[in-house]
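K.L.:
let me see the structure of the following:
(one chain, ligands or ions: 1)
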Amino acid sequence: MLTTHPYDDDHLREECGIFGVVGSEGAAALAALGLHALQHRGQEAAGITSFDGRQFHTHRAMGHVAGNFDRDDVIRALPGTIATGHVRYSTTGETALRNVQPLYAELQSGGFAVAHNGNISNAMKLRRDLVRRGSIFQSTSDTETIIHLVATSSYRTLLDRFIDALKQIEGAYSLIVMTPEGVIACRDPLGIRPLVMGRLDDAIIFASETVALDVVGATFERQVEPGELVIVQEGSDGHEVRSIRPFAPVAPRPCIFEWVYFSRPDSISDDRSVYDVRKGIGAQLAIESPVDADLVIPVPDSGVPAAIGYAQQSGIPFELGIIRSHYVGRTFISPGDKVRHLGVKLKHNANRALIKGKRVILIDDSIVRGTTSLKIVQMMHDAGAAEVHMRIASPPTRHSCFYGVDTPERAKLLAHKLDIEGMTDFIHADSLAFVSIDGLYKALGEAQRADIRPSYCDACFTGDYPTTLTDQDDSATVDQFAMLAERVM
Ligand code: SF4
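P.N.:
Below you'll find the predicted structure:
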């Protein structure tokens, strides 16, 4: 049986990363580099579509960017100065090549390729209506709904058709759309999933995170604002860049989990370093939940910045008590539980000489099912730790995400099933504490969470799901979530 690594399985997983280039020779090669920097956002499949001025070219494959896009013949088969790319886990739609993005269709107006990060929460209803009206779907991906809405819109221009489609969809979307005229990059009105814009010489670049701009040598220009469409058209004397905001304004609610885990620590968001914010969460955790101990130890790699912050705030030494092997792949052959457990030890091992006889504080970014925490705490006990205290740099994850993040069904979330005492017993720790929701907002520069109008989506912690629907439409939202909840059960 092939299985992904058990350590990776106990995180919420960001579903997708997207990247777009307008106006650079070898655009596909740049897209491959950009996607490589976004690989942490999706490791199941990757795809790039380019446009050479006459026709579109696409290569989509299961697996990592390296291995699929490091071959000259693949990149040569993607000519043109415009390209868009996508890395994915599956959110909706089974894992199959036909669901790998960018999705492409020949519309009345010409070619239309779309790369989507997020999840369309009313996709099933829209799909049923479209199929009833004669649309024939090629994939099971929610993203294809956008293509059919554009194709069947009664508006005349492609831009109007696209806006008409966006106004019908609910949920989270950062999109890069490629047409023969150029590229449209946009974010949903709540700005749940990220998207930034940069420049490389004369070329315009779009990416899920700034780290992808860094990797291709582009300079960060700005984020694509929630509810904004940035339209870039290639002309004979450069590009025309336009911005339009076709939606009624709503208060943005970007995903707070980007700060906790999804984004790479070397990315910058809202003028703040993700690394610094994570250190701040760790410091806040030390203020809220101090414990007398000898060592602060991160669960590698995602717990490292918060552990540094905890150590600096508490004055307790930061040490690498768990050593991670960088030579174990994400996927390995696991015929049974015994070998799977061996796989765990292959990837992480206790630094026994350091741990023996010490009271240790383990820092991790989150607890999802609790399976990772249980194994890591046991690893510390086996290495002779005198006490093992667990501190988590996010509040308890009690609710599923419907905005493009792979969450186990609610019944499998440890914090949904157990209170703090129950969770402490489950992972066999001497103590367990999570940063408070207000503490998380403090690390992001706010005095506390504004309960009436919070600045972020934090629904997986609070159950407060943001929506662009008005109060009168709340029942519709509840129905959609109930429908989705049924589907993930
Ligand atoms: Fe992010 Fe909201 Fe999903 Fe949690 S529920 S992962 S905060 S989008």
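K.L.:
of all residues in the stretch 101-250 of the chain, which one is closest to the ligand?
P.N.:
Shortest the stretch 101-250 of the chain-to-the ligand distance, computed as CB to the nearest ligand atom: residue-wise this is residue 192, at 5.3 Å. Every residue, glycine included, has its C-beta placed from N, CA and C.
K.L.:
ok, now how distant is the residue of the stretch 1-150 of the chain found nearest the ligand from residue 459?
P.N.:
Residue nearest to the ligand within the stretch 1-150 of the chain (CB to the nearest ligand atom): residue 12, separated by 5.8 Å. Distance of residue 12 to residue 459, computed by CB to CB, to the nearest Å: 12 Å.
K.L.:
hey, what's in contact with both of the two?
P.N.:
Residues touching both residue 12 and residue 459 by CB atoms under 8 Å, 6 or more residues apart in numbering: residue 401.
K.L.:
how many residues are close by residue 109?
P.N.:
By the criterion of other CB atoms under 10 Å, residue 109 has 17 neighbours.
K.L.:
repeat that for residue 268.
P.N.:
19.
K.L.:
show me the strands in the stretch 1-150 of the chain, by range?
P.N.:
Along the stretch 1-150 of the chain, the stretches classed as strands by DSSP state E, counting those that start in this stretch are 2-4, 13-14, 16-22, 45-51, 56-62, 82-88, 103-107, 110-120.
K.L.:
any idea how the protein splits into domains?
P.N.:
Residue ranges for the domains of the chain, per automatic domain parsing: 9-254, 268-443.
K.L.:
phi and psi next, for the residue nearest to residue 299 when sequence neighbours are not counted.
P.N.:
Closest residue to residue 299 apart from its sequence neighbours, by CB to CB, 6 or more residues apart in numbering: residue 364 at 4.1 Å. The phi/psi pair for residue 364 (degrees, to the nearest 10) reads phi -130, psi 160.
K.L.:
residues from the stretch 251-400 of the chain in reach of the ligand?
P.N.:
Counting by CB under 6 Å from any ligand atom, the stretch 251-400 of the chain comes close to the ligand at 255-257.
K.L.:
return the helix or strand in the chain with minimum mean pLDDT.
P.N.:
strand 2-4 (a mean of 35; mean pLDDT, DSSP states H and E).
K.L.:
still on that earlier bit, residue contacts, the residue of the stretch 101-250 of the chain closest to the ligand?
P.N.:
Neighbours of residue 192 in contact, by CB under 8 Å, 6+ apart: 118, 171-172, 253-255, 403-404, 457, 466.
K.L.:
which of the residues you listed scores worst on pLDDT?
P.N.:
Within these, residue 404 has the lowest pLDDT, namely 81.
K.L.:
in helices, which of the contacts of residue 192 appear?
P.N.:
Secondary-structure check on the contacts of residue 192 using DSSP state H: no residue lies within helices.
K.L.:
burial measure for the residue nearest to residue 299, as a count.
P.N.:
Per other CB under 10 Å, the neighbour tally for residue 364 reads 24.
K.L.:
which residue, other than its chain neighbours, is closest to the residue with the largest distance to the centre of the chain?
P.N.:
Centroid-distance maximum for the chain: residue 357 at 38.7 Å, with CA atoms, centre = their mean. Closest residue in space to residue 357, ignoring its immediate chain neighbours: residue 386 at 5.5 Å, by CB to CB, 6+ apart.
K.L.:
now do the SS call for residue 312.
P.N.:
Under DSSP: H, G, I helix; E, B strand; the rest coil, residue 312 falls in the helix class.
K.L.:
ok, the residue nearest to residue 299 to residue 394 distance?
P.N.:
9 Å.
K.L.:
how about the residues of the stretch 51-200 of the chain by the ligand?
P.N.:
Residues of the stretch 51-200 of the chain found near the ligand (CB under 6 Å from any ligand atom) are residue 192.
K.L.:
mind listing the helices for the stretch 51-200 of the chain?
P.N.:
72-76, 123-132, 144-152, 158-168 (DSSP state H, counting those that start in this stretch).
K.L.:
residues making contact with the last one?
P.N.:
Judged by CB under 8 Å, 6+ apart, the contacts made with helix 158-168 from elsewhere in the structure are 107, 109, 112, 122, 126, 146, 149-151, 153-155, 173, 177, 179, 181, 184, 186, 188, 229, 231, 246-247.
K.L.:
from residue 258, how far out is the nearest residue in space to residue 435 that is not next to it in sequence?
P.N.:
Once flanking residues are discounted, residue 435 sits nearest to residue 285: 4.6 Å by CB to CB, 6+ apart. The spacing between residue 285 and residue 258, counted by CB to CB, is 18 Å.
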